[in-house]
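J.: could you work out the structure for the sequence below:
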Amino acid sequence: MSDFHIDEEAIQALLGDAAAVAERGARAALGRARDGASLEAIDVAALWLDRRIDTESLHEAALAVRGARSTHLETFVPLYLTNTCDAACLMCGMRRDNATLVRDTADAERVEEQLRLLKARGIRAVALLTGEYRAPRRPWAMAYVNGAVRAAERLGFAHVLINVGSIDDDEFPALLDGLARRADGAIALKLTMCTFQETYSRRVYAKFMGEDADNPRSDYERRLANFDRARRAGMHIANPGVLVGLSADIAFEMMAAILHVRHLLATGMDVYLSTPRLRRVAGGAGIIDRGAGAGGGAAGIPGGAASGACRGIDDEDFVRLLALFSLALPGAKLVITTREPRAIQQRVAPIVSVLSAGSSAVAPYTRDGARFPLEASQFEVIDQRPFEAILREHLDAGIAVENFAPPT
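T.: Take a look at the predicted model:
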């Protein structure tokens, strides 16, 4: 199968057709969705656009379709290995020109200590995160992340996710060196490649990620095909993502993400889909002006973040979006994080599959908590309770939480 490609004109034409369907009314599509029928792309778009269908109706339909799966929730904890980065993405606290961010890189000993702490606190799945690097620094990044993955494998973590940016075909051997493989050549460890496109609009992508070749994030097409390269290298789990609110055209982002996920599922990959919303970052002053006009209106410095307010998309539209992803992509796992406030987590947990809780600072975990310093973090985490408290709420509600076994 060829690498994934986005046809923006085709998506816009589909949205035009969907607008006509929505104008006539999309309740027939809602009925089919509630009955568990597969939805065509035009149906999903029409359900987003037809505002006579309220968000709660879509939420109830998604809940009905999820059925027994609403009693099961998966989890993992993010572990930032470093907050250094060569990229210059306007909306990100880790961007290379952010002089206000306190930089930190954990050495191998500190990384293993963090992994041991997480395991002792009952966590069995971890996401390892770094920045994105220019070609001369990527050999260091591949070896660095490889060491962390091998440590997690040695310690018995059930699931490891890696977020190290776009990787070329000839760089995967170093990244995956020494990891056990199955007979078919696939990595034996449940190892997920995380590469968020952030926005599928090439115009908005260029505005926020830049067009300078010196910026390792600027190549839209290279990033888009990263999962296809990962699959060829033996990785069989993908985690694409949209930074919700970066582009104002949520309908376009939704449809592009659905097409991307369906492509990955068709290749035989397992798929997690992340939909984080824009949050405050350190050194955010001035970014709104620099990013304005990109289609998202701002680079994501929301007012009232503690209440869950988020520039670009409100709570009702966020729940609406997740409900439609849930209905449109029954074969994928939806991921929410503690970027979201407690009320939103509780509302959407029954229609998503995965909740990730933790800090976006480097090596932040202690024996019973974590540090959440904005001045050293990629973005602001809204719910800063210990992950045990967050996950226990779901356990107490009768939901089985995979990859979390709290000590007794």
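J.: so where do the helices sit in the stretch 251-400 of the chain?
T.: Remark: helices assigned in the stretch 251-400 of the chain by DSSP state H, counting those that start in this stretch are 287-291, 315-328, 342-348, 387-396.
J.: any chance of these in a markdown table, with mean neighbour count too?
T.: Placement of C-beta: from N, CA and C, glycine included. Below are these laid out as a markdown table (neighbours: other CB atoms under 10 Å):
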| stretch | mean neighbour count |
| --- | --- |
| helix 287-291 | 17 |
| helix 315-328 | 22 |
| helix 342-348 | 18 |
| helix 387-396 | 18 |
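J.: and these, which one's lowest on average pLDDT?
T.: Of all the helices of the stretch 251-400 of the chain, mean pLDDT reaches its minimum on helix 287-291 (a mean of 41).
J.: so what's the residue nearest the centre of the chain up against?
T.: The residue lying closest to the centre of the chain (CA atoms, centre = their mean) is residue 274, at 3.0 Å. Counting by CB atoms under 8 Å, 6 or more residues apart in numbering, residue 274 touches 194, 196, 239, 240, 241, 242, 335, 337.
J.: let me see the confidence value for the fifth one.
T.: Per-residue confidence at residue 241 stands at 98 (pLDDT).
J.: how about the one 4 residues further on?
T.: The pLDDT attached to residue 245 in the predicted structure is 92.
J.: again, but for residue 282
T.: Looking at residue 282, its pLDDT reads 71.
J.: ok, it - contacts?
T.: Residue 282 neighbours (CB under 8 Å, 6+ apart): 93, 98, 100, 101, 374, 375, 376, 377.
J.: coming back round to it: please name the bridge partners of the residue nearest to the centre of the chain.
T.: residue 241, residue 335 (DSSP bridges).
J.: with residue 225 as the reference, measure out to it.
T.: Residue 274 is 18 Å from residue 225, where distance means CB to CB, to the nearest Å.
J.: quick one: low-confidence ranges for the stretch 101-250 of the chain?
T.: Across the stretch 101-250 of the chain, nothing is flagged by pLDDT under 70.
J.: what about the strands in it?
T.: 125-129, 159-163, 190-194, 237-239 (DSSP state E, counting those that start in this stretch).
J.: follow-up on the earlier one: any chance of JSON lines for the contacts of residue 282, columns distance to residue 37 and neighbour count?
T.: Below are these laid out as JSON lines (distance: CB to CB, whole Å; neighbours: other CB atoms under 10 Å):
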{"residue": "93", "distance to residue 37": "43", "neighbour count": "25"}
{"residue": "98", "distance to residue 37": "47", "neighbour count": "20"}
{"residue": "100", "distance to residue 37": "51", "neighbour count": "12"}
{"residue": "101", "distance to residue 37": "48", "neighbour count": "23"}
{"residue": "374", "distance to residue 37": "45", "neighbour count": "21"}
{"residue": "375", "distance to residue 37": "50", "neighbour count": "11"}
{"residue": "376", "distance to residue 37": "48", "neighbour count": "21"}
{"residue": "377", "distance to residue 37": "43", "neighbour count": "25"}
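J.: give me the beta-bridge partners of residue 159?
T.: residue 125, residue 190.
J.: burial count for it?
T.: Residues contacting residue 159 under the criterion other CB atoms under 10 Å number 20.
J.: so it makes contact with residue 124?
T.: Yes: judged on CB atoms under 8 Å, residue 159 makes contact with residue 124 at a distance of 7.1 Å.
J.: quick revisit: could the helices of the stretch 251-400 of the chain go into a markdown table alongside distance to residue 115?
T.: Formatted as a markdown table, these follow (distance: least, CB to CB, whole Å):
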| stretch | distance to residue 115 |
| --- | --- |
| helix 287-291 | 33 |
| helix 315-328 | 30 |
| helix 342-348 | 25 |
| helix 387-396 | 15 |
